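**Student:** Dropping the sequence and predicted coords here.
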Amino acid sequence: DYIGTIPSEVGSLDDLAYLYLSGNNIHGIIPVTITQQNQLVHFDVGENIIRGEVPIFKSPIIKVVNLSRNHLTGSIPDNIGDTGGSEAGTSPLEVFDLNSNSVSGTIPESVGKMMTNLMELD
């Protein structure tokens, strides 16, 4: 088990494609350096103690985002699907999991319009 925060330096790893940190005792927020990482394909921090709002990942190739079972709050941002995918106005995201958080509000239209590859929304 890893106990602590996610160091912002992790997002500075040029070739970071897969980050699996689920089932630990990670607290704090997701560093913006990770959400801005361009090579990220799979991000999994399910089952931790992460706080803050739902982040927007800018990787044009991201396929999986698992934020389940944390302490995220707020609403899903309107531009959540704007990852800069290969086709203008689309997202390569296939799995987006926010299960068991304190997120409120409605699912933005961008999810249906931009996330055309989405297979799992939880």
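**Tutor:** Great, that's in hand.
**Student:** Which residues are in contact with Asn38?
**Tutor:** For Asn38, the contact set (CB atoms under 8 Å, 6 or more residues apart in numbering) comprises 58-60. From N, CA and C alone the C-beta is placed, and that goes for glycine too.
**Student:** let's see 7 Å
**Tutor:** 59-60 (CB atoms under 7 Å, 6 or more residues apart in numbering).
**Student:** can you pull the pLDDT of it?
**Tutor:** With respect to pLDDT, Asn38 scores 90.
**Student:** Equivalent analysis for the one 3 residues further on, please.
**Tutor:** Looking at Val41, its pLDDT stands at 95.
**Student:** burial of it, as a residue count?
**Tutor:** By other CB atoms under 10 Å, the residues close to Val41 number 15.
**Student:** Ile30 too?
**Tutor:** Neighbours of Ile30 (other CB under 10 Å): 25.
**Student:** and it, what helix or strand is that in?
**Tutor:** Per DSSP states H and E: Ile30 is located in neither a helix nor a strand.
**Student:** I figured it hits Pro55, correct?
**Tutor:** Yes. At 5.1 Å, Ile30 counts as touching Pro55 under the criterion of CB atoms under 7 Å.
**Student:** Okay, now the unreliable bits of the chain?
**Tutor:** Within the chain, the stretches with pLDDT under 70 are 81-90, 113-114.
**Student:** what about 50?
**Tutor:** For the chain, no stretch has pLDDT under 50.
**Student:** quick one, helices of it?
**Tutor:** With DSSP state H, the ranges of helices along the chain come out as 32-35, 109-114.
**Student:** Check those helices for me and report the most buried one.
**Tutor:** Compared across those, helix 32-35 shows the largest average neighbour count, a mean of 17 (mean count of other CB atoms under 10 Å).
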